[in-house]
Structure formats: C-alpha cells, structure tokens
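predicted model follows, preceded by the sequence.
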Amino acid sequence: MLYSSYSCIEKTVNMSIHRNIISPLLDYLDSEYMHTKARQSLHFAAERTFGVGKYILNRFSFNDPRLAVIIEGIHFDNPVLVGAGWDKYGEAVTGLLALGFG
C-alpha cells in the first residue's frame, strides 16, 4: 500500500514539473530552432566515436526482432518511422537509426 501511494505522489510531482516548468519553457522556444538543434545534436552525437554522445546513443538504442516489419517490400527493424522531412538534409540518419527509428 505504501508503494502505491508513493507512486501516485511521484506521478503528481512529475506532472507538476512538466506543467509548470517544462511545458512553458518549450512554448517559449522557437519550434524551428529546437528542430534544428535536435537534428544537429543527433548528427554530432553519431559522428563521435567516443564520449557522451556515443554513450547516449548506445544507451537508448533498442532492437528487437519481433518489431521487424516489411512495408512495400522494404524491411524495417522497427515500425516507428521518422516523419517525412524531419531530416531532409540527411544529417542525423545514423543517430536516428541508433535510437531505433526504422
């Protein structure tokens, strides 16, 4: 019973932090600027063979054969795909693949 109430409090605190800090900050920032920075960060992390960037990509990569799909004859390791145009210059392909996007 104690674990259940702690979990409820933890969720409430996390939602409060998101509602009061993270969401207003993201609303204040320019979405195109953040899109560019996210893409550049993935490119930077994937190009480094050492350090924090490589650790983060390896830490969050996920590959499970049960998720493999074939769409129009093309094999994807994961059904989660990146929207068309997100990386229109092909800068973050390696980083997106390392994070598990098909």
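Happy to help now that I have it.

contacts only, for the closest residue to Pro79 other than its chain neighbours.
The shortest distance from Pro79 to any non-neighbouring residue, by Cβ to Cβ, 6 or more residues apart in numbering, is to Val69 (4.8 Å). Using the backbone N, CA and C atoms, a C-beta is placed for each residue, glycine as well. Contact analysis of Val69 by Cβ atoms under 8 Å, 6 or more residues apart in numbering lists His75, Phe76, Asn78, Pro79, Gly102.

check which residues of stretch 32-50 are buried.
Using 16 or more other Cβ atoms under 10 Å as the test for burial, stretch 32-50 gives Arg39, Leu42, His43, Ala45, Ala46.

would you list these in JSON lines and tack on distance to Gly85 and pLDDT?
Below are those laid out as JSON lines (distance: Cβ to Cβ, whole Å; pLDDT from 0 to 100):
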{"residue": "Arg39", "distance to Gly85": "11", "pLDDT": "89"}
{"residue": "Leu42", "distance to Gly85": "15", "pLDDT": "83"}
{"residue": "His43", "distance to Gly85": "16", "pLDDT": "84"}
{"residue": "Ala45", "distance to Gly85": "21", "pLDDT": "79"}
{"residue": "Ala46", "distance to Gly85": "19", "pLDDT": "76"}
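
TSV for those residues, including distance to Thr94 and secondary structure?
Below are the buried residues of stretch 32-50 laid out as TSV (distance: Cβ to Cβ, whole Å; DSSP: H, G, I helix; E, B strand; the rest coil):
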residue	distance to Thr94	secondary structure
Arg39	12	helix
Leu42	8	helix
His43	8	helix
Ala45	9	helix
Ala46	4	helix
